[in-house]
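Visitor: Structure for this input, please:
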Amino acid sequence: MADPTNLLIVAPFEDAQIAALRKRFPSVNINHHPNIMEETIPEDLWQNTDILYTHRVLPLAELVPNLRWVQFHYAGLDAYQDHALFQREDLQFTTLSGANAIQTAEHALALILALAHNVPTMLSDQSRSKWSARRLERYVPTELYGKTVGIVGYGSVGTLLARMLQGFQVKVLASKRELLDAEDEGYRGTDIQGLDADFVERLYPGRAMKSMFKDCDFVVITVPLTNETEGLVSGPQLAALPPSAFLVDVSRGGVLDHEALIEALKQETFAGAALDVFPEEPLPADSPLWDMPNVLISPHVAGLSPSYGERAMALLTENLDRFLAGEELLNRYDSERGY
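Guide: Numbers count the residues shown, from 1 in each chain. The predicted structure is shown next:
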């Protein structure tokens, strides 16, 4: 009889989810350490682990000689790419890209509407217990209906956001790394349907992003952080935005050049921004972004959802099926692309 496959889960799943996983895969020896502290995991457990599902913990490479696959609990791996495990050619890495598409797309839409309908101004007035005497002029919105929205990065989040925008009769433009491969090939859970339609009026290559920006009323950044995308949106692109345009960033800190952003906002090059991610997190208290009236700050929470654990377990189950059958895993990390 072959030795059982050993799966170590270092993530805060519920006991009922782990029990269901054990029932679904009786041939797999599943160890669950929900406290996600590396030092609490015995060395012999690391030694025997074939598959690691990890929240944040990565062991020293020499501790896991039998490791063959690492599934991450998040979409972005930019914080881990320099780890020694990524140098091992016998290891597969997979991400949770796509499992947070619904909540991130909804959050982006909420930020778009908040900017368009002057929510930051309303919150400022509320904090001062002030009913503006000029409210009929002060709160005139920018209607989303019929506007043009540009999406930087047309993956699972961008595609779902484009579908959500259809109800507003919005024209969607998008930029994508691979123009000949417009369809998102990442994980798509059973609760995400109807993404096969073409929601984009025009698809731009990255080098033409400036041309896309000049035609947009709103721009939403959704790309992962890689060597290629670091500083992708900077001064030239921001300068191309119309004065009435708004910028929303739900990508990763570092994609948007914040020095250029702050300068453009000070100069009122465009109307305002909603930011969920930052080069330094938490955002320092002395950042000028805190006090800018045309900025809405969201503390890197776009991917939060009460259903995140359920979607994460669904992807783990699908990939574990594939791994045991010797099939290709979903959401494989590509070192050349950086995601």
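Visitor: Okay, and residue 203 sits in which element?
Guide: strand 202-204 (DSSP states H and E).
Visitor: Show me what that strand pairs with in its sheet, parallel or antiparallel.
Guide: Here strand 202-204 has these sheet partners by DSSP bridges: strand 171-175 (parallel).
Visitor: can you list contacts of the strand it pairs with?
Guide: 146-154, 158, 162, 165, 199-206, 208-209, 212, 215-216 (C-beta atoms under 8 Å, 6 or more residues apart in numbering). Glycine gets a C-beta too; all of them are placed from N, C-alpha and C.
Visitor: Can I get that strand as CSV, trimmed to CA atoms?
Guide: Extracted in CSV, the C-alpha atoms of strand 171-175 (Å, rounded to 0.1, in the frame of the first residue of the first chain):
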residue,chain,number,x,y,z
LYS,A,171,-18.9,51.8,-21.9
VAL,A,172,-16.0,49.6,-20.6
LEU,A,173,-12.4,49.9,-21.9
ALA,A,174,-9.7,47.6,-20.6
SER,A,175,-5.9,47.1,-20.8
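Visitor: ok, back up a step: and the contacts of strand 171-175, which of them are buried?
Guide: Of the members of these, the ones counted as buried by neighbours, 16 or more other C-beta atoms under 10 Å, are 147-154, 158, 162, 165, 199-200, 203-204, 206, 209, 212, 215-216.
Visitor: most centrally placed residue in this structure?
Guide: The residue lying closest to the centre of the chain (C-alpha atoms, centre = their mean) is residue 251, at 5.3 Å.
Visitor: Please report phi then psi for the closest residue in space to that residue that isn't next to it in sequence.
Guide: Nearest residue to residue 251 in three dimensions, chain neighbours excluded: residue 221, at 4.5 Å (C-beta to C-beta, 6 or more residues apart in numbering). Phi and psi for residue 221, reported as degrees, to the nearest 10, are phi -100, psi 120.
Visitor: which ones are touching residue 221?
Guide: Counting by C-beta under 8 Å, 6+ apart, residue 221 makes contact with 152-153, 233, 247-251, 255-256.
Visitor: My read is that residue 290 contacts residue 299, right?
Guide: No: assessed by C-beta atoms under 8 Å, residue 290 is found out of contact with residue 299, at 11.5 Å.
Visitor: Overlap in contacts, those two.
Guide: residue 283.
Visitor: before we move on, the earlier item: which ones among the buried ones among the contacts of strand 171-175 lie within helices?
Guide: In this view, the buried ones among the contacts of strand 171-175 that belong to helices under DSSP state H are 158, 162, 165, 209, 212.
Visitor: ok, these vs residue 136, which is closest?
Guide: Distance to residue 136 across those (C-beta to C-beta) is lowest for residue 165, with 28.2 Å.
Visitor: ok, which pair from the ones in helices among the buried ones among the contacts of strand 171-175 is furthest apart?
Guide: 165 and 209 (18.9 Å).
Visitor: wait, is residue 136 part of a helix?
Guide: Yes: per DSSP: H, G, I helix; E, B strand; the rest coil, residue 136 lies within a helix segment.
Visitor: Relative to residue 106, how far out is it?
Guide: Per C-beta to C-beta, to the nearest Å, residue 136 is found 30 Å from residue 106.
Visitor: do residue 261 as well
Guide: Distance of residue 261 to residue 106, computed by C-beta to C-beta: 24 Å.
Visitor: Who has more neighbours out of the two?
Guide: residue 261 (22 against 15; other C-beta atoms under 10 Å).
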